[in-house]
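Peer 1: What shape does this take:
(2 chains)
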Amino acid sequence: MEKTLNQKAWLLVLPVLVLVSFSAVIPLMTVVNYAIQDAFAGEFYPLENKFEWFSMLLESERMWSALGRQAAFSAIILAIEVPLGIIVALNMPKRGAWASFCLVVMSLPLLIPWNVVGTIWQIFGRVDIGLLGYVLDSLNIPYNYTQDFLSAWGTVIVMDVWHWTSLVALLAYAGLQSIPDAYYQAAKIDQASRWKVFRYIELPKMSGVLTIAILLRFMDSFKIYTEPFVLTGGGPGNATTFLSIDLVKMALGQFDLGPAAAFSIMYFLVILLISWVFYTVMTNLDKKDGV
Amino acid sequence: MSWMAWTLPTAIFFAVIAALLVIFTIITLRHPETPRVGILRIETTRGDRLFMTLLGSAFINLAWLGLIGAHQPYALIVCLIYAAAVFRWV
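Peer 2: Below you'll find the model as predicted:
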């Protein structure tokens, strides 16, 4: 039977189009408009050099250092969370009641809202009432995340690792569960070492989910705002001022709408590029799996 | 609309992008295509290549502004060369 061509289904997409245009497209257009004008007291004045804000930001130490801190943060948490997640997944029980228990415990940090995570660690790290801060202080280890650069970075990173390693572990665990027993039996017959089983069986079978885990964690950490904002407020000084914290300071603290708009556009372009890579890699992986 | 602070250059910018989207939609409807695999070894359609062109052009313009900082319209020539390369080889 020949299928009839019917394009009426497109009408069903209309509500989403309207919603997205009001929540994303129109605000984004407004941001582009702001980026080439000078805002003052609610009025907009044309700039002599239309790209002044962009040039200013590209030359500013402030944006590049925020970008550097952001890249360093994402690199550090990926370098910790991915191997740690794999190790945790490898050591989780494969079946039985303990497996369910582990899964529930592992999921808990993922369910906690970002600002609550920030608050938990803010109190946990305080020298006077927080367990971590108090213990470190009692051991005479200098620790104060509000004044010391290393303490602030350490706390922000440990907080992110605590919050998100579970995600990597759960994804890796799902990848491990999908490996048929026959592979392990074959490895046993060949007397393969534990490392070789990991290197030639488990790692290749996990590569798909690990790609997703790495890209998800990279994207999320690149946009991080709430947790470091609640914990350190971007300090001490500018030590933990990541891109989004810097952007909010510029847009809402200083009310520099023009430069903040230009900043947003550049930030958006970077996110768009990463999202595109994410999407392309995922769809191509699906195609490979499908063959 | 005044709250959106429209200017002529940004209006032209969005009109060009909208026109490109409309043109590519019409081309796709008139001449359906099969995706192909280029030098990036990923499957791309015309729409994908347009997206890569537009996103790449944004970065080319920013790089021009940051590194050269003058004669911004000339960056568009680089963008055109880049677009031709993307549509030919990717």
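Peer 1: What parts of chain A come near chain B?
Peer 2: Within reach of chain B by CB under 8 Å from any CB of the partner chain, chain A has these residues: A:26, A:29-30, A:32-34, A:36-37, A:39, A:44, A:46, A:50-51, A:54-55, A:58-59, A:266, A:269, A:272-273, A:276, A:280, A:284, A:287. C-betas here are computed from N, CA, C, even on glycine.
Peer 1: So residue A:212 sits against residue A:170, correct?
Peer 2: No. With contact defined as CB atoms under 8 Å, residue A:212 does not reach residue A:170; the gap is 11.4 Å.
Peer 1: What subset of the residues of chain A next to chain B is buried?
Peer 2: A:29-30, A:32-34, A:36-37, A:39, A:44, A:50-51, A:54-55, A:58, A:266, A:280 (16 or more other CB atoms under 10 Å in any protein chain shown).
Peer 1: among the residues you listed, which two are most distant?
Peer 2: Within those, A:44 and A:280 form the most distant pair, 37.6 Å apart (CB to CB).
Peer 1: can you give me the offset of stretch B:42-60 from its chain's centre?
Peer 2: Taking CA atoms, centre = their mean, to the nearest Å, the mean C-alpha location of stretch B:42-60 is offset from the chain mean by 6 Å.
Peer 1: buried sites along it?
Peer 2: B:44, B:48-54, B:56-58, B:60.
Peer 1: Narrow the residues you listed to those in helices?
Peer 2: B:48-54, B:56-58, B:60 (DSSP state H).
Peer 1: From those, list the ones also adjacent to chain A.
Peer 2: Restricting those to those near chain A - CB under 8 Å from any CB - leaves B:51-52, B:58.
Peer 1: any chance of the ones in helices among the buried residues of stretch B:42-60 in JSON lines, with pLDDT too?
Peer 2: Formatted as JSON lines, those follow (pLDDT from 0 to 100):
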{"residue": "B:48", "pLDDT": "91"}
{"residue": "B:49", "pLDDT": "93"}
{"residue": "B:50", "pLDDT": "94"}
{"residue": "B:51", "pLDDT": "94"}
{"residue": "B:52", "pLDDT": "94"}
{"residue": "B:53", "pLDDT": "95"}
{"residue": "B:54", "pLDDT": "95"}
{"residue": "B:56", "pLDDT": "96"}
{"residue": "B:57", "pLDDT": "95"}
{"residue": "B:58", "pLDDT": "95"}
{"residue": "B:60", "pLDDT": "95"}
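Peer 1: For chain B, just list every one of the strands.
Peer 2: Taking DSSP state E as the test, the strands found in chain B are B:36-37, B:43-44.
Peer 1: Figure out which of these is closest to chain A.
Peer 2: strand B:43-44 (7.1 Å; CB to the nearest CB).
Peer 1: Note down every partner strand of that closest one and its orientation.
Peer 2: strand B:36-37 (antiparallel) (DSSP bridges).
Peer 1: In JSON lines: the strands of chain B, plus distance to residue B:80.
Peer 2: Output for these, formatted as JSON lines (distance: least, CB to CB, whole Å):
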{"stretch": "strand B:36-37", "distance to residue B:80": "22"}
{"stretch": "strand B:43-44", "distance to residue B:80": "19"}
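Peer 1: Please convert these to CSV, extending it with distance to residue A:250 and mean pLDDT.
Peer 2: CSV is the format used below for those (distance: least, CB to CB, whole Å; pLDDT from 0 to 100):
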stretch, distance to residue A:250, mean pLDDT
strand B:36-37, 43, 88
strand B:43-44, 37, 88
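Peer 1: Tell me which residue in chain A sits closest to chain B.
Peer 2: residue A:58 (3.9 Å).
Peer 1: give me the element that residue is part of.
Peer 2: helix A:52-59 (DSSP states H and E).
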